[in-house]
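Asker: this one's sequence-less:
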């Protein structure tokens, strides 16, 4: 169980690193098509975006609940 948890954290960290690298390269005008395609095939970008959206929605929900209580 711990090993699977560590593997999931590592996959997320690597996806974040590669996504940041792709973004920085795109800002310089270089589009790494093969790397983007590889991440889409691996599902890394989609999984990462789903995690970001779910985290954002959780934080938004908590802020709404706190706002209702105040």
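Answerer: Looks like it arrived, so ask away. Keep in mind that this is a model prediction, so the values were computed, not measured.
Asker: buried set for the strand or helix carrying residue 24?
Answerer: Taking DSSP states H and E as the definition, residue 24 sits inside helix 2-27. Buried residues in helix 2-27, defined by neighbour count with 16 or more other CB atoms under 10 Å: 15, 18-19, 22. In short, each C-beta sits where N, CA and C put it, glycine included.
Asker: for that helix, the distance to its chain's centre please.
Answerer: Distance of helix 2-27 from its chain centroid, counting by CA atoms, centre = their mean, to the nearest Å, is 7 Å.
Asker: Quick one: list the elements packing against it.
Answerer: helix 33-42, helix 44-69 (3 or more CB pairs under 8 Å, 6 or more residues apart in numbering; DSSP states H and E).
Asker: orientation of it relative to helix 44-69 in degrees?
Answerer: Relative orientation of helix 2-27 versus helix 44-69 (axes from the mean of the first three to the mean of the last three CA atoms, to 10 degrees): 100 degrees.
Asker: Next one: the residue nearest to the spatial centre of the chain, what pLDDT does it get?
Answerer: Geometric centre of the chain, nearest residue: residue 48, 2.8 Å, by CA atoms, centre = their mean. Here the pLDDT value assigned to residue 48 is 76.
Asker: any idea how far it lies from residue 29?
Answerer: According to CB to CB, to the nearest Å, residue 48 and residue 29 sit 24 Å apart.
Asker: Now do the helix holding residue 24, average pLDDT.
Answerer: 80.
Asker: still on that earlier bit, the residue nearest to the centre of the chain reaches residue 19, doesn't it?
Answerer: Yes: in terms of CB atoms under 8 Å, residue 48 counts as a neighbour of residue 19; the distance is 6.4 Å.
Asker: ok so, going back, mind listing what the residue nearest to the centre of the chain touches?
Answerer: With contact set as CB atoms under 8 Å, 6 or more residues apart in numbering, residue 48 has these partners: 12, 15-16, 19.
Asker: And for residue 40?
Answerer: Contacts of residue 40 (CB under 8 Å, 6+ apart): residue 46.
Asker: And it, what's its pLDDT?
Answerer: Reported pLDDT for residue 40: 70.
Asker: All further residue positions should be reported with the first residue as 471.
Answerer: That works, and once the first residue is 471, the last one we named lands at residue 510.
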